[in-house]
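A.B. asks: Prediction below, plus the sequence it came from.
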Amino acid sequence: MDFVKMHGLGNDFVVLDGPFEPTAAQVEAWCHRRRGIGADGVLVVSPLPDGMVQMGYWNADGSPAEMCGNGLRCVARHAVAQGMVDGPDFVVQTAVGRRPVSVRGDGSVRAFLGEVTAAEAGPMDVAGYHLDPIRVGNPHAVAFVPDCYSTPVSAVGPVVEGDPHFPERTNVEFATVVSSNRIALRVWERGVGETLACGTGAAATAAVAHRKGLTDARVTVDLPGGQLTVEVAGDGVWIEGPAETAYRGVI
């Protein structure tokens, strides 16, 4: 089976052509950093009628996820490279609906992540951090901290992820507002751990910050893996950033 190793700002994926649905055991094995290919997750890209493609996504622990922002950008670029679509602007069918994407000439991708909605559980305090639960197709809990770089993400992240307030588990964002158009961010991803970048996490954080009046509608989010541009447009949010191929191989 052929695969492509891709990443968005270091958030990396094993990308497969579909239709195909891997087992949880396969996903875990392929994503293992020492005994497998090594990745934060697995993406399956399948052509659909009317010039669309289908995106399937599984976290490194084998659990399926509703949405992945960096993964969506990688799916878009892969679909263009494989000739699955007719041009650079098309629609990706995801588990949470259709998402328009645009692949730029420089390889970057602009993608719509849908509406950002408040979670049923309101703001809360967990493990000593004030959290704003929010959904970008998938669940997030955003904490604004004085300095995200000194925050013990690997200690607090799993505690919040598995807290009873989040029956589906949750992604956890630790954000520092640098200015009205800049946010520094680290993310503990559900089913993965801390990653170099998280597209939906950046979108969730930017949306919460904008709603609180902390930032403008368009911000640069500084992640350990690089910078992502996020634009809040009404109730929805767009992200733009790189999607790159690392190598190709055979499983």
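C.D. replies: Right, received. Where do you want to start?

A.B. asks: For the closest residue to W188 other than its chain neighbours, which three-state class applies?
C.D. replies: Leaving aside its sequence neighbours, W188 sits nearest to G157 (C-beta to C-beta, 6 or more residues apart in numbering; 2.7 Å). To be clear about C-beta, it is placed using only N, CA and C from the backbone, and glycine gets the same treatment. What DSSP: H, G, I helix; E, B strand; the rest coil gives for G157 is helix.

A.B. asks: which residues sit in contact with G157?
C.D. replies: 172, 188, 193-194 (C-beta atoms under 8 Å, 6 or more residues apart in numbering).

A.B. asks: Who does V44 form a beta bridge with?
C.D. replies: On the basis of DSSP bridges, V44 is bridged to L16, G56.

A.B. asks: got a list of what it touches?
C.D. replies: 15-22, 54-57 are the contacts of V44 under C-beta under 8 Å, 6+ apart.

A.B. asks: and the residue nearest to W188, how far is that from V80?
C.D. replies: Remark: distance between G157 and V80 (C-beta to C-beta, to the nearest Å) = 34 Å.

A.B. asks: Can you read off the pLDDT for G122?
C.D. replies: On pLDDT, G122 comes in at 86.

A.B. asks: now for the contacts of G157, which pair is the farthest apart?
C.D. replies: V172 and G193 (10.7 Å; C-beta to C-beta).

A.B. asks: all helices for the stretch 1-150 of the chain, in order.
C.D. replies: In the stretch 1-150 of the chain, the segments counted as helices under DSSP state H, counting those that start in this stretch are 24-31, 69-81.

A.B. asks: With distance to A243, mean neighbour count and mean pLDDT as added columns, please give the ones you listed in CSV.
C.D. replies: Conversion of those to CSV gives the following (distance: least, C-beta to C-beta, whole Å; neighbours: other C-beta atoms under 10 Å; pLDDT from 0 to 100):
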stretch, distance to A243, mean neighbour count, mean pLDDT
helix 24-31, 18, 18, 98
helix 69-81, 4, 27, 98
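
A.B. asks: Sweet, I'm off.
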